[in-house]
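S.K.: Sequence below, structure please.
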Amino acid sequence: MGRRRGIPSVTGCVRKQVDTKRKTPIQGLTIYLIKEGYDTAETVIRNERTLEKHEPGSGPQQIGALYVQPSRPKPPRWARFFQEYIDPSQLGRVASAAAVLLVEARQRLFAITFGQGRHLLYPECWEERFGLRVALNSIGESNVRSIDKRTFDAISRHSREQASREVAARDFGLDIEQDLLRAVTGTPREPTLGRRMYGMDALHASVQAHINSLRDLLSLYYDKYQDQSYRKSFPWIDQIAEITDRSLVEELDEILIRRIVEGDLDRIWMAVPDVVPWERIDGFRYGFGRRSARYHDIHLPDFLDSLRDSKSLSKKLLTQRQVYCMDNDGVTFESWQVYRCLYAELDREGDSYLLSGGKWYRLTRDFVKEVNEAYRLLPRYQNNFPEYDDPSETAYNERVATSDPSRYALMDRKNISYGGGYTQIEFCDLFADGRDIVHVKRYGGSSVLSHLFAQGLVSGELFHTEPAFRRKVNARLPRRHRLADDDRRPRPDEFQVVFAVISDPPGDLVIPFFSRLNLKHAARRLAGYGYRVSIAKIDVSSVYSKLKRYD
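M.R.: Purely as a prediction, here's the structure:
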């Protein structure tokens with residue numbers, strides 16, 4: 001099991017700080033709540049029979065069972081750097097200790113790890129977000145020191161933000177729609193719960209505790225885990241969560257594969273997962289065999305057709321097979337696992353689950369309903385765009401602008417240096433009828449479309465608030481499309497921001513959930529500046545859509 005991001009490496013060690021009144025040391029504890037059904041050491045600890053077992057206490061006072069992995073001292077790894085000149089054994093010896101203490105409290109099993117003990121646990125045995133929930137219920141509302149979050153925007157950022165002093169969670173500027181709170185650090189309101197607390201899946205607590213009071217302490221933590229009061233201050237916490245439970249991921253993968261094999265492809269599709277230079281792309285392949293054709297885009301039915309037997313589909317095959325992106329010279333310059341290109345939306349036991357970028361996420365039905373309703377109510381662009389029948393977005397934009405110059409001004413690739421000359425901003429791709437700011441993008445995964453919406457938001461904000469930016473935009477517009485007064489701030493409803501997505505499938509435009517979420521966020525922000533916002537689908541010509549070439 002690999003090191004989990006964001007978990008401190010110094011937990012489990014005894015600190016030398018001592019309370020002078022009670023002489024009870026401050027102990028760093030890393031605590032996992034074990035899932036129900038994993039009720040024996042064999043189901044929780046890897047290679048349990050090879051470990052040394054100790055039982056602290058005796059009879060009614062027995063604390064639990066301590067499993068220790070014997071360690072052998074060896075030279076430190078850095079000693080190899082000097083091995084040509086110095087015998088590594090002369091540079092000291094280190095040992096990597098690992099131990100797990102299993103304790104029962106509140107009729108649940110807890111695992112407390114010491115040293116490298118986390119690696120002795122089966123990764124699917126613990127409850128997800130146990131530590132986060134305990135920490136949120138324990139830490140004072142204004143006692144937060146740092147947060148770990150994932151932001152579902154154009155680049156899907158993982159970040160840790162730390163304050164110089166303890167503040168309220170809202171002071172970190174969390175976006176309740178786009179930010180997934182993964183962990184939190186702060187000071188508990190009750191000193192008995194600890195001096196400092198960090199919660200993710202595991203709970204890391206620096207607490208004044210004696211081993212004989214451990215079961216009582218775990219009972220307090222379990223009560224905090226069961227408490228629902230965190231939802232008062234953080235009502236949005238449970239609306240989205242990344243799935244780390246391997247058994248649940250395997251179950252969702254099985255449902256996904258069964259639906260694909262049965263031909264039930266509603267809400268399951270494939271898309272390019274990254275932003276790519278479409279002007280360089282000549283097509284995509286699912287292999288290089290004799291039956292391997294080159295397609296203008298990637299689609300799940302085409303991939304299934306490339307298989308000898310689609311009924312034998314498996315997770316292993318989806319992770320082994322690649323989608324190859326070919327340039328104009330027929331050379332592969334990018335590739336992705338097929339599994340990473342899959343997007344799926346499944347319902348299970350009252351929750352919705354999403355597969356995006358190779359990861360599964362759980363969402364509450366109410367949150368999904370809210371986002372979907374916002375997407376449904378977003379106006380569709382009233383004018384029609386010409387069909388896409390071009391090798392790239394650049395070629396399409398040029399063709400559209402050239403075919404009707406009285407209506408369209410070409411602004412694609414006319415970047416504007418702004419913010420000290422280092423930031424290149426593209427105002428839009430097409431400026432239509434002197435009022436529609438059109439951003440065009442070929443269909444892709446969440447990161448691709450989120451990039452489109454972020455681009456439109458940045459451009460719209462600058463155009464509304466910065467006269468210098470408007471002047472630079474005006475200088476690049478053809479004379480007939482120029483603003484009459486580029487110093488004047490746009491009036492409400494004077495301009496419309498249009499997000500136009502090039503997409504093959506017939507019917508209304510369907511985009512991934514995280515893209516719908518980002519579009520909702522961008523549309524709300526743009527509406528706050530007075531823009532009208534709409535979305536458009538650019539159809540692909542039937543000939544181009546079905547084009548399949550063999551070399």
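S.K.: For S503, give me its contacts.
M.R.: Counting by Cβ atoms under 8 Å, 6 or more residues apart in numbering, S503 touches 443, 509-510, 537-540. No exception for glycine: its C-beta is placed from N, CA and C like everyone else's.
S.K.: make it 7 Å
M.R.: By Cβ atoms under 7 Å, 6 or more residues apart in numbering, the contact list for S503 reads 443, 509, 537.
S.K.: ok, and the closest non-adjacent residue to it?
M.R.: Y443 (4.4 Å; Cβ to Cβ, 6 or more residues apart in numbering).
S.K.: Any regions of the chain where pLDDT drops low?
M.R.: Filtered on pLDDT under 70, the chain yields the residue ranges 1-23, 59-60, 150-179, 290-291, 420-422, 544-551.
S.K.: Mind naming the longest strand for it?
M.R.: Assignment by DSSP state E gives strand 139-151 as the longest strand of the chain.
S.K.: list the helices and strands that strand packs on?
M.R.: Where contact means 3 or more Cβ pairs under 7 Å, 6 or more residues apart in numbering; DSSP states H and E, strand 139-151 is packed against strand 157-167, strand 179-188.
S.K.: mind running it again at 10 Å?
M.R.: Judged by 3 or more Cβ pairs under 10 Å, 6 or more residues apart in numbering; DSSP states H and E, strand 139-151 is in contact with helix 130-138, strand 157-167, strand 179-188, strand 196-199, helix 230-233.
S.K.: Pairing partners for the third one, with directions?
M.R.: The one in question is strand 179-188. Note on strand 179-188: by DSSP bridges, its sheet partners are strand 139-151 (antiparallel), strand 196-199 (antiparallel).
S.K.: returning to what we had before: list buried members of the contacts of S503 by neighbour count.
M.R.: For the contacts of S503, burial is judged from neighbour counts taken by 16 or more other Cβ atoms under 10 Å, and it is met by 443, 509, 537.
S.K.: Contacts only, for the second one.
M.R.: With contact set as Cβ atoms under 10 Å, 6 or more residues apart in numbering, L509 has these partners: 375, 380, 443, 499-503, 535-539.
S.K.: do the last one as well
M.R.: When contacts are counted by Cβ under 10 Å, 6+ apart, K537 touches 380-381, 384-385, 443, 500-503, 505-511.
S.K.: next SSE after the helix ranked longest in the chain?
M.R.: Longest helix in the chain by number of residues, with DSSP state H as the criterion: helix 446-465. Downstream of helix 446-465, the first helix or strand assigned by DSSP states H and E is helix 467-476.
S.K.: What is that next one packed up against?
M.R.: Helices and strands touching helix 467-476, by 3+ Cβ pairs under 10 Å, 6+ apart, are strand 416-418, strand 423-425, helix 446-465.
S.K.: Would you mind confirming that H299 makes contact with P505?
M.R.: Yes. Taking Cβ atoms under 10 Å as the definition, H299 is a contact partner of P505 at 8.3 Å.
S.K.: May I have the residues that are in contact with F513?
M.R.: Contacts for F513 (Cβ under 10 Å, 6+ apart) come out as 152, 240, 267, 343-345, 352, 354, 356, 361, 363, 367-368, 371-372, 375, 446.
S.K.: Got phi/psi on it?
M.R.: F513 adopts backbone torsions of phi -60, psi -50, taken as degrees, to the nearest 10.
S.K.: Can you tell me how far it is from I535?
M.R.: Separation of F513 from I535 (Cβ to Cβ, to the nearest Å): 15 Å.
S.K.: How about Q496?
M.R.: From Q496 over to I535 (counting by Cβ to Cβ), the distance is 11 Å.
S.K.: same deal with V134?
M.R.: 42 Å.
S.K.: Of those two, give the one with the bigger neighbour count.
M.R.: Shown here are V134 and I535; by other Cβ atoms under 10 Å, V134 has more neighbours (29 against 20).
S.K.: before we move on, back to that, so for H299 and P505, which residue has more residues nearby?
M.R.: Set side by side, H299 and P505 show more neighbours around H299, with 18 against 14, by other Cβ under 10 Å.
S.K.: residues contacting that one?
M.R.: 265, 269-271, 284, 305, 504-505, 545.
S.K.: Which among those count as buried?
M.R.: Among these, those scoring as buried are 269-271, 284, 504, 545 (criterion: 16+ other Cβ under 10 Å).
S.K.: taking these one by one, which sit in strands?
M.R.: Using DSSP E, the buried ones among the contacts of H299 in strands are 269-270, 284.
S.K.: For the stretch 351-500 of the chain, just list every one of the helices.
M.R.: Secondary structure of the stretch 351-500 of the chain by DSSP state H, counting those that start in this stretch: the helices cover 365-377, 393-403, 446-465, 467-476.
S.K.: Out of these, which one sits most buried?
M.R.: Among these, ranked by average contacts under mean count of other Cβ atoms under 10 Å, first place goes to helix 446-465 (a mean of 22).
S.K.: From the chain's centroid, how far away is that helix?
M.R.: 19 Å (Cα atoms, centre = their mean, to the nearest Å).
S.K.: my guess is I45 contacts R118, does it?
M.R.: No. With contact defined as Cβ under 10 Å, I45 does not reach R118; the gap is 11.2 Å.
S.K.: so what sits against both of those two?
M.R.: Taking Cβ under 10 Å, 6+ apart as the criterion, I45 and R118 both touch 100, 111.
S.K.: Kind regards, and thank you for your time.
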